[in-house]
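**Student:** Need a 3D model of the sequence below.
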Amino acid sequence: MNVAVQYLNAGARPALHEHFLALPPEDRRLRFGSSLSAEAMAAYVDGIDFDRDELFGVHDDRLVLVGVAHLGFGADVAELGLSVVPTHRGRGSGSALFARAAERARNRRVARLFMYCLRENGAIMRIAKRFGMDIVTDAGDAGAHLELASPSAASITGEFVTDRFALYDYALKAHVAAWRGINAALEDATHPAR
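**Tutor:** As a prediction, the model looks like this:
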């Protein structure tokens with residue numbers, strides 16, 4: 001199954017905030033190293049620099065953001081953070097987010113991709129292993145890195161096609177959601193509450 005991964009811009013801040021709040025406290029701890037409060041989550045989202053970093057998301061059929069990849073760029077490295085809400089795990093969203101972020105980092109000529117997590121974060125550790133990352137564990141933390149190839153015509157074209165697929169997927173979901181809303185309004189109008 002193909003998972004559409006949408007590029008996110010600064011207009012997605014409210015959806016990002018809702019996504020992170022939808023993560024249970026334990027998931028927030030695994031993602032950020034501590035279970036952040038709602039205020040800390042808001043500060044984190046407000047502090048994202050969309051001019052420097054890039055974010056990607058997976059939306060469900062109701063356009064709710066259910067998975068997020070945050071790709072932070074340094075000189076010749078990028079750090080990746082991933083999160084997927086519990087109800088959408090096991091469907092390939094985390095792997096699709098990783099692949100999309102790694103492809104973007106490669107095409108921006110980044111030499112290495114890093115992920116840091118708590119060692120008990122089994123889901124992230126499995127993704128890191130699946131994509132061939134070198135993993136180093138120390139005490140309770142784990143760091144994984146992956147050497148990225150130089151961009152190629154195929155990787156750049158692949159990224160373009162991936163973006164077009166994600167735009168199409170989002171537009172289709174938006175149309176379906178609009179039709180559901182229209183249908184619900186018609187149902188209410190033709191069958192008023194008694």
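**Student:** ok, which stretches of this structure are helices?
**Tutor:** 13-22, 25-32, 38-46, 93-107, 122-130, 153-190 (DSSP state H).
**Student:** looking at those helices, which is closest to residue 65?
**Tutor:** Among those, helix 13-22 comes nearest to residue 65, with 4.4 Å by C-beta to C-beta. Where you see a C-beta, it was placed from the backbone N, CA and C, and this is true even at glycine.
**Student:** Now do the buried residues in that closest one.
**Tutor:** Residues of helix 13-22 classed as buried by neighbour count (16 or more other C-beta atoms under 10 Å): 13, 15-17, 19-20, 22.
**Student:** just stretch 126-137 next, same as before
**Tutor:** 127-128, 133.
**Student:** Closest to the mean position in this protein, which residue would that be?
**Tutor:** residue 68 (1.9 Å; C-alpha atoms, centre = their mean).
**Student:** quick one: contacts for that one?
**Tutor:** Applying C-beta atoms under 8 Å, 6 or more residues apart in numbering, we find residue 68 in contact with 8, 16, 19-20, 55-58, 82-84, 97.
**Student:** got JSON lines for those residues, with pLDDT and distance to residue 106 too?
**Tutor:** As requested, the contacts of residue 68 are exported to JSON lines (pLDDT from 0 to 100; distance: C-beta to C-beta, whole Å):
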{"residue": "8", "pLDDT": "96", "distance to residue 106": "19"}
{"residue": "16", "pLDDT": "96", "distance to residue 106": "24"}
{"residue": "19", "pLDDT": "96", "distance to residue 106": "25"}
{"residue": "20", "pLDDT": "93", "distance to residue 106": "27"}
{"residue": "55", "pLDDT": "97", "distance to residue 106": "17"}
{"residue": "56", "pLDDT": "97", "distance to residue 106": "14"}
{"residue": "57", "pLDDT": "97", "distance to residue 106": "20"}
{"residue": "58", "pLDDT": "96", "distance to residue 106": "20"}
{"residue": "82", "pLDDT": "94", "distance to residue 106": "17"}
{"residue": "83", "pLDDT": "93", "distance to residue 106": "22"}
{"residue": "84", "pLDDT": "95", "distance to residue 106": "22"}
{"residue": "97", "pLDDT": "96", "distance to residue 106": "15"}
